[in-house]
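Novice: Provided below for reference: sequence and predicted model.
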Amino acid sequence: MGDTTFKTSHWFDNFAQVHRFEIFAPSEGEKVRVTYNSRLTSDGLIEKVRKAGRLEGLTFAAKYEPCKTLFQKLQSVFAPALRMLPKAPTAPNEVNIGVTMSVNFPGYTSTGQAAQMPRDNDGIKSFCTKTDAAIVQFLDSETLEPIGLARQEVLHPDLKGPISGAHAKSDPITGDVYNFNLQFGGQGTFRVFRSSASTGKTSILATISHTTAYLHSLFLTENYVVLCIWNSHFKAGGMAIVLKNNLIEAMEYNDKIPAKWFVIDKRPVEEGGLGVVATYESDPFFGFHSVNAYEETSADGVKHIIADIPAYQSLEVLQAFYFDNLLSDSPKAGQVQGQWGNALAPRYRRYRLSDIPKEPRKDTRRTSVDFELHRNDTPELPSLNWSVFTKKHRYVYGVGDSGKSTFADSLLKLDMEDLSVKRWSVHGQTAGEPIFIADPNSTDEDSGVLLTVVLDGIVGKSYLLVLNAKDLTEMGRAKVDGVVGFGFHGLHTRAGLGPSVSTNRDY
């Protein structure tokens, strides 16, 4: 067999690769040493593509010729792809999972078996990658070799839907992890669940019947999970995925349908949980990444929930990530920027869910918007100090898109007190997601550093950049002799032991 040429067309369908930087504390008088290794965690899938000459199954955005009958589609796409794992054994490296990462996810062993026992945080016991599917890939934390796969059904038998949020949320106090599972049907079934760090047991907090939608993340406060079903609805209850073989063409944005917000008690029923306590609606929008949410009590004792998110006015941003629309030397890139313009960029928006009841209410009320920021002042891939997660925060960090290029063109620090913005922007340098690492010797919310991987477009090589989180000035960099491909999200873990191994706000 000769060489096989295979090209993917959308950024979200890149074959997964995990990169690992290790920063060593220097001895006195020595420089900081940084090592780097990476691994294709989907190399088994790449080999299958090489042999077959094509990629089988569900993707986010890849477009296929309609060369199969509907019956064949139902058998070869709907059953294994939407269920995520075929009945026949699948090697851990034969899946494409690489959006977010977690350490010591409760309820799983290091290779993905059920583990209903207290989570052991004495070091990194398990390391996994996640995506918007209800499947998790487990890796060796040092070599990055794939060593296991698991469906969410391992956590609870009712979590049998194929879709979930790539960004689960972890409680900063208990370590419990919260997410949702979506099962397709005429009306979708969203099951919001908690995986307990103290027991390893997973409980269903609420079961919600609603139009199916692509949701990348959710919100968490001190006492509630907030699931917002925004306007990225799957056509025909999800069956359109069968016909299109991808998610993006199976979605639609209907600006006549409001976004729906469900406020859910974080406690399971056996601990006194009340399930869905309130329902709200807002004007339609689309989102990727929730920033933070917290509870606020007014002078008259009424509780409100504040929820921050970069909000989009359509689904056009998903189309923009086709490579023909994204690469700066593509003839279509400038045309797309001109055609869609501001629709491609989000606006930082603060929603207010007022008068959270003490007992469940059946009616649906409106949210309000406290403010919305200009695209130039809106950080995407947002990061903040883990210590203020689920609390009122002041600073948010992220990548910025002011329209100067076809990709992110800066890093931003947004001050919520006066809505001012600090920027890091260097010609020819494109930074990825910034990860905030707090200074353990300071209580200032912005005392710490940002870690980000930057592509030097002039020399064609990448480097790990360390910025002072207070003023975004450079503190150091570690150069890589090559390109580190742009991915999605990162995770920082401490070398020391203790309950706070992860300093990333998301699981």
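Specialist: It's in.
Novice: which stretches of this protein have low pLDDT?
Specialist: Scanning the chain for pLDDT under 70 picks out 1-4, 57-58, 61-89, 329, 333-343, 403, 405-406, 495-507.
Novice: let me see the domain layout of it.
Specialist: 11-372, 381-488 (automatic domain parsing).
Novice: with distance to residue 494 and mean neighbour count added, can I get these in JSON lines?
Specialist: For every residue, glycine as well, the C-beta is placed using N, CA and C. As requested, the domains of the chain are exported to JSON lines (distance: least, C-beta to C-beta, whole Å; neighbours: other C-beta atoms under 10 Å):
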{"stretch": "domain 11-372", "distance to residue 494": "10", "mean neighbour count": "18"}
{"stretch": "domain 381-488", "distance to residue 494": "9", "mean neighbour count": "18"}
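Novice: wait, isn't residue 413 in contact with residue 467?
Specialist: No: look at residue 413 against residue 467 with C-beta atoms under 8 Å: they stay out of range, at 9.2 Å.
Novice: please state the offset of stretch 388-395 from the chain centre?
Specialist: Distance of stretch 388-395 from its chain centroid, counting by C-alpha atoms, centre = their mean, to the nearest Å, is 19 Å.
Novice: any idea how far apart the tips of it sit?
Specialist: Using C-alpha to C-alpha, to the nearest Å, the span of stretch 388-395 from its first residue to its last is 10 Å.
Novice: ok, stretch 189-209 next?
Specialist: Stretch 189-209 has an end-to-end distance of 5 Å (criterion: C-alpha to C-alpha).
Novice: and residue 421, how far is that from residue 437?
Specialist: For residue 421, the distance to residue 437 (C-beta to C-beta, to the nearest Å) stands at 21 Å.
Novice: make that residue 363, sorry
Specialist: Remark: distance between residue 363 and residue 437 (C-beta to C-beta) = 44 Å.
Novice: how about residue 309?
Specialist: For residue 309, the distance to residue 437 (C-beta to C-beta) stands at 23 Å.
Novice: go on, residue 237?
Specialist: Taking C-beta to C-beta, one finds residue 237 at 43 Å from residue 437.
Novice: ok, now residue 136?
Specialist: As judged by C-beta to C-beta, residue 136 and residue 437 stand 25 Å apart.
Novice: tell me where the stretch 401-507 of the chain has strands.
Specialist: For the stretch 401-507 of the chain, applying DSSP state E, counting those that start in this stretch gives strands covering 410-415, 420-424, 429-431, 435-438, 448-456, 461-468, 474-479.
Novice: let me redo that: the stretch 151-300 of the chain
Specialist: For the stretch 151-300 of the chain, strands defined by DSSP E, counting those that start in this stretch occupy the ranges 163-164, 169-170, 177-183, 188-195, 202-210, 219-220, 224-229, 233-234, 251-252, 259-265, 276-282, 286-287, 292-297.
Novice: just checking, residue 373 touches residue 345?
Specialist: No: the pair residue 373 and residue 345 does not pass the contact test of C-beta under 8 Å, sitting 10.9 Å apart.
Novice: redo the strands of the stretch 401-507 of the chain as a markdown table? Include distance to residue 283.
Specialist: Below are those laid out as a markdown table (distance: least, C-beta to C-beta, whole Å):
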| stretch | distance to residue 283 |
| --- | --- |
| strand 410-415 | 23 |
| strand 420-424 | 25 |
| strand 429-431 | 32 |
| strand 435-438 | 31 |
| strand 448-456 | 33 |
| strand 461-468 | 36 |
| strand 474-479 | 41 |
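Novice: out of those strands, which comes closest to residue 47?
Specialist: Proximity to residue 47 (C-beta to C-beta) singles out strand 461-468 among the strands of the stretch 401-507 of the chain, at 26.2 Å.
Novice: name the residues that touch the closest one?
Specialist: By C-beta atoms under 8 Å, 6 or more residues apart in numbering, the residues outside strand 461-468 that reach it are 21, 34, 36, 411, 424, 431, 434, 449-456, 473-484.
Novice: for stretch 426-437, same thing?
Specialist: Identification of contacts with stretch 426-437 by C-beta under 8 Å, 6+ apart yields 381, 383-386, 397-399, 405, 407-411, 424, 448-458, 465, 467, 469, 486-492, 503-504.
Novice: what do you get for stretch 5-15?
Specialist: Residues outside stretch 5-15 that contact it (C-beta under 8 Å, 6+ apart) are 40, 42, 45-46, 49-50, 53-55, 59-63, 96, 98, 248, 321-324, 326, 485-487.
Novice: output that stretch as PDB, restricted to C-alpha atoms.
Specialist: In PDB, the C-alpha atoms belonging to stretch 5-15 read as follows (Å, rounded to 0.1, in the frame of the first residue of the first chain):
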ATOM      1  CA  THR A   5      -2.900  11.600   2.100                       C
ATOM      2  CA  PHE A   6      -5.600  12.700   4.500                       C
ATOM      3  CA  LYS A   7      -6.500  16.200   5.200                       C
ATOM      4  CA  THR A   8      -8.900  17.500   7.900                       C
ATOM      5  CA  SER A   9     -10.700  20.700   7.200                       C
ATOM      6  CA  HIS A  10     -11.600  22.200  10.600                       C
ATOM      7  CA  TRP A  11      -9.500  23.100  13.600                       C
ATOM      8  CA  PHE A  12     -11.700  21.200  16.000                       C
ATOM      9  CA  ASP A  13     -11.000  18.000  14.100                       C
ATOM     10  CA  ASN A  14      -7.200  18.000  14.500                       C
ATOM     11  CA  PHE A  15      -5.800  14.700  15.700                       C
END
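Novice: and that stretch, how far out from the chain middle?
Specialist: Its chain's C-alpha centre and that of stretch 5-15 lie 19 Å apart, by C-alpha atoms, centre = their mean.
Novice: stretch 373-392: end-to-end distance?
Specialist: Using C-alpha to C-alpha, the end-to-end distance of stretch 373-392 comes to 18 Å.
Novice: equivalent analysis for stretch 353-364, please.
Specialist: End-to-end distance of stretch 353-364 (C-alpha to C-alpha): 11 Å.
Novice: what sits up against that stretch?
Specialist: Outside stretch 353-364, the residues that touch it by C-beta under 8 Å, 6+ apart are 224, 226, 260-261, 263, 274-281, 295, 302-307, 365, 367-368.
Novice: how long is stretch 366-385 end to end?
Specialist: By C-alpha to C-alpha, the extent of stretch 366-385 from end to end equals 30 Å.
Novice: from here on, call the first residue 2.
Specialist: I'll keep to 2 as the first residue from here, and by that count the last item is stretch 367-386.
Novice: quick one: it to chain centroid distance?
Specialist: The chain centroid and the centroid of stretch 367-386 are separated by 16 Å under C-alpha atoms, centre = their mean.
Novice: repeat for stretch 162-171
Specialist: Computed by C-alpha atoms, centre = their mean, the separation of stretch 162-171 from the middle of its chain amounts to 8 Å.
Novice: against residue 26, how distant is residue 292?
Specialist: As judged by C-beta to C-beta, residue 292 and residue 26 stand 31 Å apart.
Novice: just give me the neighbour total for residue 7.
Specialist: Neighbours of residue 7 under the rule other C-beta atoms under 10 Å: 12.
Novice: report the separation between it and residue 421.
Specialist: 47 Å.
Novice: show me what the residue minimising distance to the centre of the chain bridges to in the sheet.
Specialist: Geometric centre of the chain, nearest residue: residue 168, 3.9 Å, by C-alpha atoms, centre = their mean. As for beta bridges, residue 168 partners with residue 218 under DSSP bridges.
Novice: against residue 134, how distant is it?
Specialist: If you go by C-beta to C-beta, the gap between residue 168 and residue 134 works out to 13 Å.
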